[in-house]
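Peer 1: coords please:
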Amino acid sequence: MPAPRDATPGARLAFEARPAVKPGTVPGGLARGSGTKADRALLSGDRALDADDLDDARRAYLQALELEPDDPAARVGLVRVALAESGVETAFAAAPNHPKLVALRRELESILLLDAHYGPVHLELGRIALILGQAAGARDSLRRAVGLLPTDAEAHSALGVAFLATGDKEGALRQLRRASALDPKNPDRLANLGAAYLSVGQVRDAIRAYSRAVARAPNDARINGDLGTAYLADNEPHRALPYLEKAVELAPDRATFLSNLGYAHQVVGKYDEAAATFRRALALDDHLVEAWINLGIVYAKQRHYREARRALERALSINPNDPRAKANLAELDQLTRNHRE
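Peer 2: Next comes the predicted model:
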């Protein structure tokens, strides 16, 4: 049977960093703690952004820009505010070719002309490249960011996400371990670390990281779903079910969460629940190949052969080259021949 979609949970950008910092600054912020009028304005902007008060953050960064027009910090702050206002999900390839992000990338490239060695510019360039789905470009920017900001947890975390996206699993694990060590209480750091562990087959380590993340963020749908899929990867579907159910409860319109929950029901032999859950997932997203295949398998288990064939043929219509759909259709042909005989 095919594994559920998102069986290897995806990594996210936390968009915050919380290593120890000196007085007069916000963790991951742009103020330097110098105490100048412009730096105090930066600090106000950092605090407002940290509190999700975007209007106050914008006003403070604009004040800092007026006081120090050649300092790149305020302009980076305004980019951060604009990115937060965009409402784009901060995950890899969440918004390919998004015009707002493309414009922000151009703004960051112009800021580099002020100071090519200013680490936060490279960090923001890397973050935006990740959201646009440009993994290689993100990796290059974030390597530069880590070199300039060696104690910034978000720089290491974002670089880890870039390494995951480019297939460098060991590199990702190194960076995400470092990010989690710098920022041990951040659930997104722990969830990203879990994704890296799972990508290299260290399933028990992944479960421990996700469990710590859930303890920190019990009402985060994605983290609950990640822990559930990690338990599925460890062949513990009964332990997966509560977390997958919680993910669906928290995000009932997320088709992949429903598909994963359906797969867990399927594995434990609850075929009626599995079929109903797959149908709910497909009502939200008719192109989930894994859900169609698994629904076909469940129908076959229930001896609903006609429905099974329709589900598997629908999977093939979405992806004609999917070997799993072809293999399961061949098995269904044999099963129905044996049934007739």
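
Peer 1: now do the buried residues in stretch 110-121.
Peer 2: 111, 118-121 (16 or more other CB atoms under 10 Å). Any C-beta I mention is one placed from the backbone N, CA and C, and that applies to glycine too.

Peer 1: no wait, stretch 301-317
Peer 2: 304-305, 307-309, 311-312, 314-316.

Peer 1: how far does the helix or strand containing residue 257 sit from the chain's center?
Peer 2: Secondary structure assignment for residue 257, by DSSP states H and E: helix 255-267. How far helix 255-267 lies from its chain's middle: 19 Å, per CA atoms, centre = their mean, to the nearest Å.

Peer 1: returning to that earlier point: looking at the buried residues of stretch 110-121, which are in helices?
Peer 2: Among the buried residues of stretch 110-121, the members found in helices (DSSP state H) are 111, 119-121.

Peer 1: ok, residues contacting the least confident helix or strand in the chain by mean pLDDT?
Peer 2: Every helix and strand of the chain was ranked by mean pLDDT, DSSP states H and E. The lowest is helix 323-340, at a mean of 86. Applying CB atoms under 8 Å, 6 or more residues apart in numbering, the external contacts of helix 323-340 come out as 2, 289, 292-293, 296-297, 300, 303, 305, 308-309, 312-313, 315-316, 319.

Peer 1: how does it look with 10 Å?
Peer 2: Helix 323-340 has contacts (CB atoms under 10 Å, 6 or more residues apart in numbering) with 1-3, 289-290, 292-294, 296-297, 299-300, 303, 305-306, 308-309, 311-320, 322.

Peer 1: show me how far that helix is from its chain's centre.
Peer 2: Worked out by CA atoms, centre = their mean, helix 323-340 lies 36 Å from the chain centre.

Peer 1: over to stretch 235-243?
Peer 2: Offset of stretch 235-243 from its chain centre (CA atoms, centre = their mean): 21 Å.

Peer 1: quick one: average pLDDT of it?
Peer 2: Mean per-residue pLDDT for stretch 235-243: 97.

Peer 1: would you mind listing the buried residues in it?
Peer 2: Those would be 236-237, 239-241, 243, for stretch 235-243 by 16+ other CB under 10 Å.

Peer 1: secondary structure added to the residues you listed, as JSON lines?
Peer 2: Formatted as JSON lines, the buried residues of stretch 235-243 follow (DSSP: H, G, I helix; E, B strand; the rest coil):
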{"residue": "236", "secondary structure": "coil"}
{"residue": "237", "secondary structure": "helix"}
{"residue": "239", "secondary structure": "helix"}
{"residue": "240", "secondary structure": "helix"}
{"residue": "241", "secondary structure": "helix"}
{"residue": "243", "secondary structure": "helix"}
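
Peer 1: alpha carbons only: can I get stretch 265-281 in PDB?
Peer 2: Provided in PDB are the C-alpha atoms of stretch 265-281 (Å, rounded to 0.1, in the frame of the first residue of the first chain):
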ATOM      1  CA  HIS A 265      -7.600   3.600   9.800                       C
ATOM      2  CA  GLN A 266      -6.800   1.500   6.800                       C
ATOM      3  CA  VAL A 267      -3.700   0.000   8.400                       C
ATOM      4  CA  VAL A 268      -5.500  -1.000  11.600                       C
ATOM      5  CA  GLY A 269      -8.300  -2.600   9.500                       C
ATOM      6  CA  LYS A 270     -11.100   0.000  10.100                       C
ATOM      7  CA  TYR A 271     -12.100   0.000   6.500                       C
ATOM      8  CA  ASP A 272     -15.400   1.800   6.900                       C
ATOM      9  CA  GLU A 273     -13.800   4.700   8.700                       C
ATOM     10  CA  ALA A 274     -10.900   4.700   6.200                       C
ATOM     11  CA  ALA A 275     -13.200   4.900   3.200                       C
ATOM     12  CA  ALA A 276     -15.300   7.700   4.700                       C
ATOM     13  CA  THR A 277     -12.200   9.600   5.600                       C
ATOM     14  CA  PHE A 278     -10.600   9.200   2.200                       C
ATOM     15  CA  ARG A 279     -13.900  10.400   0.600                       C
ATOM     16  CA  ARG A 280     -13.800  13.500   2.800                       C
ATOM     17  CA  ALA A 281     -10.200  14.200   1.800                       C
END
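
Peer 1: could the ones in helices among the buried residues of stretch 110-121 go into a markdown table alongside pLDDT and distance to residue 254?
Peer 2: Below are those laid out as a markdown table (pLDDT from 0 to 100; distance: CB to CB, whole Å):
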| residue | pLDDT | distance to residue 254 |
| --- | --- | --- |
| 111 | 97 | 36 |
| 119 | 97 | 35 |
| 120 | 98 | 32 |
| 121 | 98 | 34 |
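
Peer 1: would you point out the most distant pair within those?
Peer 2: 111 and 119 (11.9 Å; CB to CB).

Peer 1: hey, what's in contact with both of the two?
Peer 2: Contact criterion CB under 10 Å, 6+ apart; residues shared by residue 111 and residue 119: residue 76.

Peer 1: all good on my end, thank you.
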